[in-house]
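K.L.:
give me coordinates for this.
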Amino acid sequence: MQGGSPGTPPRPDPISASRPRLVLAAALLGGFLVLAAGALVALELHDASRGAAGSLLAPAIGGPFKLVDQNGRTVTNTELEGKWLLVYFGYTHCPDACPTALNNIALALSQLGPEKSSVRPVFITVDPARDTPQVMKDYVSAFDAPILALTGSAAAIAQAAREYRVYYAKHPEQGGDYSMDHTSIIYVMDPKGRFTASFTGEDPPQAIAARLKKLLS
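P.N.:
The predicted structure is shown next:
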């Protein structure tokens, strides 16, 4: 207890008083860094024909993973090199963001013509408890695109998400069910496995196709 005569309010703790200011300063700094990173991404996406590949930003996103595809086969990141990848993290019980993103990818690929064969969509679940290989296989078969669907152990999914700076968390629902909060970004990786560009899950297919054509040219 703080010292003082009876009835005298305790003196404020200078450390405790400073905490709100420190939290606010940290939040402002974090916001500034996010805005700065966003500005850098925008610059890379719109002005460079090869996007962020070769820039300081490229190594920050993407990395090693070892997962299982919809046919039960083990797949590593190095096996996917040689093609352009459109990597999206989501889950099969997703009500809107995931089907929208995957459908937009499929429609964008249909506009690429012969170059379509050099691009591979990759759908990585953030809900491995429910998304078994068979569930993933049934889900991606609804989209007109050669989507590679990947699942794995909780630890393997967590590692892949960390490499791509993807946030996800279980969100309890009424009745004991749950949904998954998650980042809704389509990452474009070049044939060397380097982060090159990104889209939001809601970007229209025409915009995705136009940007991919520029990257592939």
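
K.L.:
tell me, how many residues neighbour A161?
P.N.:
18 (other Cβ atoms under 10 Å). Where C-beta positions appear, they are placed from N, C-alpha and C, glycine not excepted.

K.L.:
just the CA coordinates for the helix or strand harbouring R211, please, in CSV.
P.N.:
Using DSSP states H and E, R211 sits in helix 205-216. C-alpha atoms of helix 205-216 as CSV (Å, rounded to 0.1, in the frame of the first residue of the first chain):
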residue,chain,number,x,y,z
PRO,A,205,-10.3,-12.0,-61.5
GLN,A,206,-9.5,-9.4,-64.3
ALA,A,207,-7.1,-7.5,-62.0
ILE,A,208,-5.4,-10.8,-60.9
ALA,A,209,-5.1,-12.0,-64.5
ALA,A,210,-3.7,-8.6,-65.7
ARG,A,211,-1.0,-8.6,-62.9
LEU,A,212,-0.1,-12.2,-63.6
LYS,A,213,0.3,-11.5,-67.3
LYS,A,214,2.7,-8.7,-66.5
LEU,A,215,4.7,-10.9,-64.1
LEU,A,216,4.8,-13.8,-66.5
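
K.L.:
and that helix, how far out from the chain middle?
P.N.:
Between the centre of helix 205-216 and the centre of its chain there are 19 Å (Cα atoms, centre = their mean, to the nearest Å).

K.L.:
residues in contact with it?
P.N.:
45, 49-51, 84, 104-105, 107-112, 115, 118-119, 186, 188, 190, 196-197, 199 (Cβ atoms under 8 Å, 6 or more residues apart in numbering).

K.L.:
try it again with 7 Å
P.N.:
Residues outside helix 205-216 that contact it (Cβ atoms under 7 Å, 6 or more residues apart in numbering) are 49-51, 84, 104-105, 107-108, 111-112, 115, 118-119, 188, 196-197, 199.

K.L.:
and what of stretch 175-186?
P.N.:
Outside stretch 175-186, the residues that touch it by Cβ under 7 Å, 6+ apart are 86, 88-91, 93, 97, 101, 105, 126-127, 166-173, 198-201.

K.L.:
show me how to select, in ChimeraX, the buried members of the contacts of helix 205-216.
P.N.:
Applied in ChimeraX, the following selects the buried portion of the contacts of helix 205-216 according to 16 or more other Cβ atoms under 10 Å:
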select :50,51,84,104,105,107,108,112,115,119,188,196,197,199
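
K.L.:
any low-confidence regions in this protein?
P.N.:
1-58 (pLDDT under 70).

K.L.:
now the helices for this structure?
P.N.:
For the chain, the helices defined by DSSP state H cover 14-47, 97-109, 133-140, 154-163, 205-216.

K.L.:
for A154, which non-adjacent residue is closest in space?
P.N.:
P128 (5.7 Å; Cβ to Cβ, 6 or more residues apart in numbering).

K.L.:
walk me through the domains of the protein.
P.N.:
13-47, 58-216 (automatic domain parsing).

K.L.:
if we can go back for a sec, show me which residues of the helix holding R211 are buried.
P.N.:
205, 208-209, 211-212, 215.

K.L.:
kindly report the same for stretch 134-141.
P.N.:
135-136, 139-140.
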